[in-house]
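Asks: I would like the atomic coordinates for the input below:
(chains A and B)
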Protein chains: 2
Amino acid sequence: MEISKPLILVTNDDGIMSKGLSALIKFIRPLGEIVVMAPDSARSGSSGAITSCEPIHYTQVRQDVGLSVYKCSGTPVDCIKVALNKVCSHKPDLVLAGINHGDNSATNVYNSGTMGAVIEGCLDGIKSIAFSLCDHEMNADFEPQAIIVRQITTWALQHELPELTCLNVNFPKLLDYKGLKVCKMARGYWTRELDPCPRRGDDHYFWLGGEYIELNVDDGESDRRALAEGYVAITPTKLDVTDYQYMDKLQREMDLLS
Amino acid sequence: MEISKPLILVTNDDGIMSKGLSALIKFIRPLGEIVVMAPDSARSGSSGAITSCEPIHYTQVRQDVGLSVYKCSGTPVDCIKVALNKVCSHKPDLVLAGINHGDNSATNVYNSGTMGAVIEGCLDGIKSIAFSLCDHEMNADFEPQAIIVRQITTWALQHELPELTCLNVNFPKLLDYKGLKVCKMARGYWTRELDPCPRRGDDHYFWLGGEYIELNVDDGESDRRALAEGYVAITPTKLDVTDYQYMDKLQREMDLLS
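Replies: As a prediction, the model looks like this:
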């Protein structure tokens, strides 16, 4: 019996002690054998970074029935690599990351450690889903997400995703949701990104901050719009980033150079 | 006269002291006003990571006619943000990253700090190009790339790229090239990624390493294949990662959950 339970690998980028990680583990624990490999401290904004200049290490911090928990000195991507190479008895059925404290919709996917981990899982041929809540607070309330996280996880265990496509699920900060909306990635960019923190009179020190400017606010299909309207936004995310439509034109132009 | 020169922002992920960065600056210097903002040490594998848990700072290290050079404590993406917010007098005409010591083709784009910087430039609405050489060596020979780097940079200054598309240019380690080939991103994954480096008897310490397994070796249009055949591989890279073809099917399945 025990052997046929699905194996679910879980990580995040807020670190092993975050409330969102505990919530995710609690929500999905009935659904399978859970292996958690999470960064030993916060790794927000780590994107798909890997640790290339120093060694990485991991330590087991808990062993329970159906639940093994490890912390790792590396990034979320490192966590997936270490778990797959050293800890998982076989290839997991699912990689989950989150629940992130903060929005990973729109072009934020490019800096998100949560999405970095999910992309790594997907590259390794495993169905992979990121869960994020649009609330940065340490004590954010994750209970409203319980049912939907469990529904989506159950669905993902029973269905296939397209090859090299993962899911980016973002929850608005609400107690109840209008429904699940499949979305496209909103466009936008950050502005006024550097908050001064001068040090001993040197004003070349800054905290990264800023304001996100949305470019396609009126696009009813964008994930930002869905969140603003109270939907859970599910953005199916492709890993093949080739701009196929541009290939022929670019080749003709490059042929003129040589 | 001086005012009409194009402004080119340059960064990399191997750090301010790398030979590949010096080569890139030398090759493109006749083409415009150059601002360099590069990490103060190697940041290989930093992907789209941003520094969120500590302040970042920058220092000018050189000022010459048409060339300003700064080092920054942050990641390649941080470098672009700092340069755009604090150093550039106006929006650059071009963001260039490299020349990277090592291959950034195929799915390596997901871990590449060089591509992280270029994606950041592109998100900011600037034409952006990554240059990489398939040679990790500190003293790699970048001279064979001089003409083509200058040709592509000149072309990019004179032509538009599609919105939210950047270019990922990889050079094989050769003295001469068969030509410029516009490619799609090859697929693959890393295996046997952890090289043990036990510490005081604790065998949970590892260096990240491994071997890249190619999945579509026979695809004549893939960047890996082009490199293997001696071409310069140019992969046009889209930033909109929405899997549009999957949206309707996924929405129908999500509708069944709620």
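Asks: Under the pLDDT cut-off, which ranges of chain A? List them.
Replies: A:1-3, A:258 (pLDDT under 70).
Asks: how about the strands of it, start to end?
Replies: Ranges of strands in chain A, per DSSP state E, are A:7-11, A:33-39, A:56-64, A:67-72, A:94-101, A:128-133, A:165-171, A:180-182, A:188-191, A:194-196, A:205-208, A:211-214, A:232-238.
Asks: Dump those strands into a markdown table; add mean neighbour count and distance to chain B as well.
Replies: Where C-beta positions appear, they are placed from N, C-alpha and C, glycine not excepted. Putting the strands of chain A into a markdown table (neighbours: other CB atoms under 10 Å in any protein chain shown; distance: least, CB to the nearest CB, whole Å) gives the following:
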| stretch | mean neighbour count | distance to chain B |
| --- | --- | --- |
| strand A:7-11 | 25 | 15 |
| strand A:33-39 | 25 | 11 |
| strand A:56-64 | 15 | 4 |
| strand A:67-72 | 20 | 9 |
| strand A:94-101 | 28 | 12 |
| strand A:128-133 | 28 | 12 |
| strand A:165-171 | 26 | 5 |
| strand A:180-182 | 24 | 4 |
| strand A:188-191 | 18 | 5 |
| strand A:194-196 | 14 | 5 |
| strand A:205-208 | 20 | 4 |
| strand A:211-214 | 14 | 11 |
| strand A:232-238 | 25 | 4 |
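Asks: Where do the helices of the stretch 101-250 of chain A begin and end?
Replies: Using DSSP state H, counting those that start in this stretch, the helices of the stretch 101-250 of chain A run over residues A:113-123, A:146-158, A:223-228, A:244-257.
Asks: Give the buried residues for stretch A:11-19.
Replies: Using 16 or more other CB atoms under 10 Å in any protein chain shown as the test for burial, stretch A:11-19 gives A:11-16, A:18-19.
Asks: Could you do stretch A:117-127 as well?
Replies: Residues A:117-124, A:126-127 are the ones in stretch A:117-127 that count as buried (16+ other CB under 10 Å).
Asks: any idea how far that stretch is from the chain center?
Replies: Put simply, stretch A:117-127 sits 11 Å off its chain's centre (CA atoms, centre = their mean, to the nearest Å).
Asks: what does it rub up against?
Replies: Contact partners of stretch A:117-127, identified using CB atoms under 8 Å, 6 or more residues apart in numbering or on different chains, comprise A:9, A:11-13, A:48, A:76-77, A:79-81, A:84, A:91-95, A:97, A:128-130, A:156, A:160-161, A:164-168, A:237, A:239, B:107, B:110, B:189.
Asks: and what of stretch A:249-258?
Replies: B:148, B:151-152, B:155, B:159, B:179-182, B:234, B:236.
Asks: again, 7 Å this time
Replies: Residues from elsewhere that reach stretch A:249-258 (CB atoms under 7 Å, 6 or more residues apart in numbering or on different chains): B:151, B:155, B:159, B:179-180, B:182, B:234, B:236.
Asks: what comes up buried for that stretch?
Replies: Buried residues in stretch A:249-258, counted by 16+ other CB under 10 Å: A:250, A:254.
Asks: List every C-alpha atom in it, with coordinates, as PDB.
Replies: Below are the C-alpha coordinates for stretch A:249-258, written out as PDB (Å, rounded to 0.1, in the frame of the first residue of the first chain):
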ATOM      1  CA  LYS A 249      13.400  37.100 -40.500                       C
ATOM      2  CA  LEU A 250      16.400  37.100 -38.200                       C
ATOM      3  CA  GLN A 251      18.200  34.500 -40.300                       C
ATOM      4  CA  ARG A 252      17.700  36.600 -43.400                       C
ATOM      5  CA  GLU A 253      19.200  39.600 -41.600                       C
ATOM      6  CA  MET A 254      22.100  37.600 -40.200                       C
ATOM      7  CA  ASP A 255      22.800  36.300 -43.700                       C
ATOM      8  CA  LEU A 256      23.400  39.800 -44.800                       C
ATOM      9  CA  LEU A 257      26.200  40.300 -42.200                       C
ATOM     10  CA  SER A 258      28.400  37.500 -43.300                       C
END
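Asks: For that stretch, what is the distance to the chain centroid?
Replies: 38 Å.
Asks: Ok, stretch A:77-85 next?
Replies: Using CA atoms, centre = their mean, the offset of stretch A:77-85 from its chain centre is 15 Å.
Asks: Can you check the distance spanned by stretch A:219-233, start to finish?
Replies: Counting by CA to CA, to the nearest Å, you get 14 Å between the two ends of stretch A:219-233.
Asks: Let me fix that, I meant to ask about stretch A:185-201.
Replies: 42 Å.
Asks: Show me the contact partners of that stretch.
Replies: Taking CB under 7 Å, 6+ apart as the rule, stretch A:185-201 contacts A:105-107, A:109, A:203, A:205-216, A:222-225, A:235, B:55, B:81-82, B:85-86, B:123-124, B:240-242.
Asks: same check, this time on stretch A:145-154
Replies: By CB under 7 Å, 6+ apart, stretch A:145-154 touches A:24, A:27-28, A:31, A:94, A:96, A:99, A:129, A:131, A:133, A:169, A:171, A:180, A:232, B:257.
Asks: mind running it again at 10 Å?
Replies: For stretch A:145-154, contacts defined as CB atoms under 10 Å, 6 or more residues apart in numbering or on different chains pick out A:6, A:8, A:20, A:23-24, A:26-32, A:94, A:96, A:98-99, A:129, A:131-133, A:142, A:167, A:169, A:171, A:174, A:177, A:179-180, A:232, A:234, B:253-254, B:256-258.
Asks: picking that back up, which pair of the contacts of stretch A:249-258 spans the longest distance?
Replies: Within the contacts of stretch A:249-258, B:His159 and B:Gly179 form the most distant pair, 18.8 Å apart (CB to CB).
Asks: out of these two, which sits in the more crowded spot?
Replies: The residue with more neighbours, out of B:His159 and B:Gly179, is B:Gly179; 14 against 10, by other CB atoms under 10 Å in any protein chain shown.
Asks: Run through the residues that contact that one.
Replies: Here B:Gly179 is in contact with A:254-255, A:257-258, B:148, B:226, B:229-232 (criterion: CB under 10 Å, 6+ apart).
Asks: go on, A:Met115?
Replies: A:13, A:47-48, A:76, A:97-98, A:100, A:104, A:108-109, A:122, A:128, A:130, A:132, A:166, A:168, A:235, A:237, B:48, B:241.
Asks: which one is it nearest to, not counting chain neighbours?
Replies: Ranked by CB to CB, 6 or more residues apart in numbering or on different chains and with sequence neighbours excluded, the top spatial neighbour of A:Met115 is A:Val109, at 4.8 Å.
Asks: I'd like the distance from that neighbour to A:Ala140, if you could.
Replies: A:Val109 sits 20 Å away from A:Ala140, going by CB to CB, to the nearest Å.
Asks: Give me the distance between the two termini of stretch A:8-19.
Replies: End-to-end for stretch A:8-19, by CA to CA: 19 Å.
Asks: go on, stretch A:43-56?
Replies: One end of stretch A:43-56 sits 14 Å from the other (CA to CA).
Asks: Could you do stretch A:125-139 as well?
Replies: End residues of stretch A:125-139 are separated by 34 Å (CA to CA).
Asks: who does A:Asp195 bridge with?
Replies: When assigned by DSSP bridges, A:Asp195 has beta-bridge partners A:Trp207.
Asks: what sits against A:Thr235?
Replies: By CB under 10 Å, 6+ apart, the residues touching A:Thr235 are A:104-106, A:109, A:115, A:130, A:166-170, A:181-186, A:222-223, A:226, B:241-243, B:247, B:250.
Asks: still on that earlier bit, tell me which of the buried residues of stretch A:117-127 is nearest to A:Asp40?
Replies: When the buried residues of stretch A:117-127 are compared against A:Asp40 (criterion: CB to CB), the nearest one is A:Ala117, at 14.8 Å.
Asks: I'd like the distance between that closest one and chain B.
Replies: 11 Å (CB to the nearest CB, to the nearest Å).
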